[in-house]
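Q: this one's sequence-less:
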């Protein structure tokens, strides 16, 4: 395996079109990756203000490690690292482009039994063509939190963002992983996040999507050891002509595992959102307990949401459930709040907050919960 192999795969594979099932509702017509060639270094504003154990910033000039915790690997990702590409290779167009082109990546290894009381934080400034790679390993019995944030230096930044994350949660470890995307409305964003969770380990994953023009975000959890647990919490808000596409996969490989997936999104103006979720239970994964839901709140009559849940169950002793809804703001609720003297934007803000509250309550890190709440409420126009 080499960069040349990845580049050859990228050049051979066509840009996906709507004839492919997983791209049926996301049309990439007009997208040319080479139109964004080159990038400039730029500063970005962060969504979060918190005390951290490790801090890194990524720009076109490279990755800068401003702070690293003692005894933990928090360093530039070596090309020869043994786990690299083991979860996300280059059998798909955008993954192949990332494997061929990434320059600035981060390797995080939390050693066996180490507990980090403060989170690790990396933020990525997206300009031009930005290829980002992250590998996280929580070794046996380790405990850690990591936050990554994608942002644009300006609201009108035109860019192509391509990101890959590989997460390894070893036996009895716990990893909290937060990925926040707050890119400009002129940025195409493609990301593939893949985790493998081993015996009695726990992964708590938060995904926030507030920016970008169009693209696709893939999220996959492999429950690979008996007693593994994963929980994925997602919140997104799209307006204008934004188009968000999430493709999620809960892969139950071992018995006695549990996965819990909950996404909520709000849409206004002409925005669209697509979510395709699949729970797959292998034949040996008996006693599986899996749940997935995606619920959408339409704030304008011109929005469109497409939730597509799916189950593929090969075992016979399992509990798998799913739910998907698309609904509009209840006019009676809106009327009630306005009749109490609240202007419409404030009334909408309260309704949106109430809609997202149960998802927000799932976010354990308070600064992250506050930042996601603020990002959601900021999308409601002021009076």
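A: Arrived safely. Remember, predicted model here, so these are calculated numbers, not experimental data.
Q: any idea how far residue 350 is from the most far-flung residue of the chain relative to its centre?
A: Ranking residues of the chain by C-alpha distance from their mean position (CA atoms, centre = their mean) puts residue 339 at the top, at 38.6 Å. When distance is defined by CB to CB, to the nearest Å, residue 339 is 13 Å away from residue 350. Heads up, the C-betas are built off the backbone N, CA and C, glycines and all.
Q: go on, residue 297?
A: According to CB to CB, residue 297 and residue 350 sit 13 Å apart.
Q: quick one: which of these two has more around it?
A: Taking residue 297 and residue 350 together and counting by other CB atoms under 10 Å, residue 297 has the greater number of neighbours (24 against 16).
Q: and the more buried one, what is it in contact with?
A: By CB atoms under 8 Å, 6 or more residues apart in numbering, the residues touching residue 297 are 264-267, 327-329, 351-352, 355.
Q: take those residues and keep only those in helices.
A: Per DSSP state H, helices hold the following members of those: 351-352, 355.
Q: from those, which is closest to residue 260?
A: Each of these was scored against residue 260 by CB to CB, and residue 355 proved nearest at 19.0 Å.
Q: what about the closest residue to residue 38 other than its chain neighbours, neighbour count?
A: Using CB to CB, 6 or more residues apart in numbering and skipping residues adjacent in sequence, the residue nearest residue 38 is residue 128, 4.9 Å away. Around residue 128 there are 17 other residues, counting by other CB under 10 Å.
Q: so residue 128 is in contact with residue 159, correct?
A: Yes. Under the contact definition of CB atoms under 8 Å, residue 128 touches residue 159, with a separation of 5.8 Å.
Q: what's the overlap in contacts for those two?
A: Going by CB under 8 Å, 6+ apart, residues that sit against residue 128 and also against residue 159 are 36, 39.
Q: tell me the contacts of residue 214?
A: Taking CB under 8 Å, 6+ apart, we find residue 214 in contact with 26, 28, 31, 188-189, 242-243, 245.
Q: quickly list what it is bridged to.
A: residue 188 (DSSP bridges).
Q: check the gap between it and residue 133 for me.
A: According to CB to CB, residue 214 stands 22 Å off from residue 133.
Q: residue 334 too?
A: With the distance defined as CB to CB, residue 334 ends up 45 Å from residue 133.
Q: okay, the two: which has more neighbours?
A: With neighbours defined as other CB under 10 Å, residue 334 and residue 133 compare such that residue 133 has more, 24 against 16.
Q: how about low-confidence regions in the protein?
A: 1, 382-383 (pLDDT under 70).
Q: just the helices in it please.
A: For the chain, helices defined by DSSP H occupy the ranges 3-12, 93-101, 331-339, 344-360, 366-378.
Q: can you lay out those as JSON lines showing distance to residue 302?
A: Conversion of the helices of the chain to JSON lines gives the following (distance: least, CB to CB, whole Å):
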{"stretch": "helix 3-12", "distance to residue 302": "36"}
{"stretch": "helix 93-101", "distance to residue 302": "29"}
{"stretch": "helix 331-339", "distance to residue 302": "17"}
{"stretch": "helix 344-360", "distance to residue 302": "16"}
{"stretch": "helix 366-378", "distance to residue 302": "20"}
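Q: how many neighbouring residues does residue 67 have?
A: Around residue 67 there are 12 other residues, counting by other CB under 10 Å.
Q: which among the contacts of residue 214 count as buried?
A: For those, burial is judged from neighbour counts taken by 16 or more other CB atoms under 10 Å, and it is met by 26, 28, 188-189, 242-243, 245.
Q: and the helices of the chain, which is most packed in?
A: helix 93-101 (a mean of 22; mean count of other CB atoms under 10 Å).
Q: who are the packing partners of that helix?
A: Contacting helix 93-101 under the criterion 3 or more CB pairs under 8 Å, 6 or more residues apart in numbering; DSSP states H and E are the following elements: helix 3-12, strand 128-138, strand 158-169, strand 186-197.
Q: the third one pairs with which strands, parallel or anti?
A: For strand 158-169, the pairing partners within the sheet under DSSP bridges are strand 128-138 (parallel), strand 186-197 (parallel).
Q: may I see these organised as a markdown table, with distance to residue 302 added?
A: Putting the strands paired with strand 158-169 into a markdown table (distance: least, CB to CB, whole Å) gives the following:
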| stretch | distance to residue 302 |
| --- | --- |
| strand 128-138 | 31 |
| strand 186-197 | 21 |
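Q: and of the ones you listed, who's closest to residue 221?
A: Ranked by CB to CB, the member of the strands paired with strand 158-169 that lies closest to residue 221 is strand 186-197, at 5.1 Å.
Q: could you tell me the angle between that closest one and helix 93-101?
A: Orientation note: strand 186-197 sits at an angle of 90 degrees relative to helix 93-101 (axes from the mean of the first three to the mean of the last three CA atoms, to 10 degrees).
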